[in-house]
Structures are given as C-alpha cells and as structure tokens.
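S.K.: A predicted structure for the sequence below; I have some questions about it.
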Amino acid sequence: MPRPRKCRRVCRMPHNTAFIPVNSAQANRTVVLTVDEYETLRLIDKVGLSQEECGSYMSIARTTVQQIYTVARKKVADALVDGLPLRIEGGNYQLCEKPAEHCTCGCCLRNRQAQTKPEQEAIK
C-alpha cells in the first residue's frame, strides 16, 4: 500500500492562472501546471532557493521537490516549445495560514514586503 501524499505548503496563489500563446492556432490540448508545481518553480527559479531549502519551506522532502520540479519544467517547456496554452490549477497543496511575521518559511514576509515597496516608493 503506497504512503499517503503529503500536503505541500504554498505561500501564495499565482497572480495569473493562465497563459495563452499569441501566435498559435487553436490548440487541442492545454498544459495544466498544478499550484504546487508552480510554487516549486517560483521558489527555485525566481527566489533562487536550493531544492533542499524549497523542500523545508514546502514541508516536503528534497527528493519530492526534485520530482515536482522536473515535472513542472517539462510542462513549461512543452507549453513554450509547442505553443500550447498553460493553466495553473489544482494539485495537493495547503496555503500558508500563518501571519507573515510568524511564518517559518520567510516567503510570506518577503512577498508582503515586496508588494508594499512599490506603494512606499510611490508615496515618496
């Protein structure tokens, strides 16, 4: 009997949940990237964390992060190379519910600080 899947912690939902190629004919299939795959790409490629750090932030093992990351990169590559629409939805995840100041992952605090920086600069 396989081990039950561990729920992955996600700091925030994506702002954009669909990407459609500009110069493509009607695609008969859509690539679906799960929210936990999106979070893995965001933490490793955008934030610059190692797979081990990403695993501790998402409360999963590094090997699980590596598997999720490999699948996510393949899906993004398929969408880009073949000109397919990409949707972000579903997956086995749980949103981080801790207040930003008490979140152990640190991403929530950084995300909220990054969102308030443009507002603070506009005030100056």
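M.R.: On my side now, so go ahead.
S.K.: which residues does the residue nearest the centre of the chain contact?
M.R.: Computing the C-alpha centroid of the chain and ranking residues by CA atoms, centre = their mean puts residue 39 first, at 1.8 Å. Residues touching residue 39, when contacts are defined by CB atoms under 8 Å, 6 or more residues apart in numbering, comprise 8, 10-11, 58, 93. Any C-beta I mention is one placed from the backbone N, CA and C, and that applies to glycine too.
S.K.: Got the phi and psi for it?
M.R.: phi -60, psi -40 (degrees, to the nearest 10).
S.K.: From residue 57, how far out is it?
M.R.: From residue 39 over to residue 57 the distance is 9 Å, taken as CB to CB, to the nearest Å.
S.K.: Likewise for residue 92?
M.R.: Distance, residue 92 to residue 57, using CB to CB: 16 Å.
S.K.: okay, these two: which has more neighbours?
M.R.: When residue 92 and residue 57 are compared on other CB atoms under 10 Å, the one with more neighbours turns out to be residue 57, at 25 against 12.
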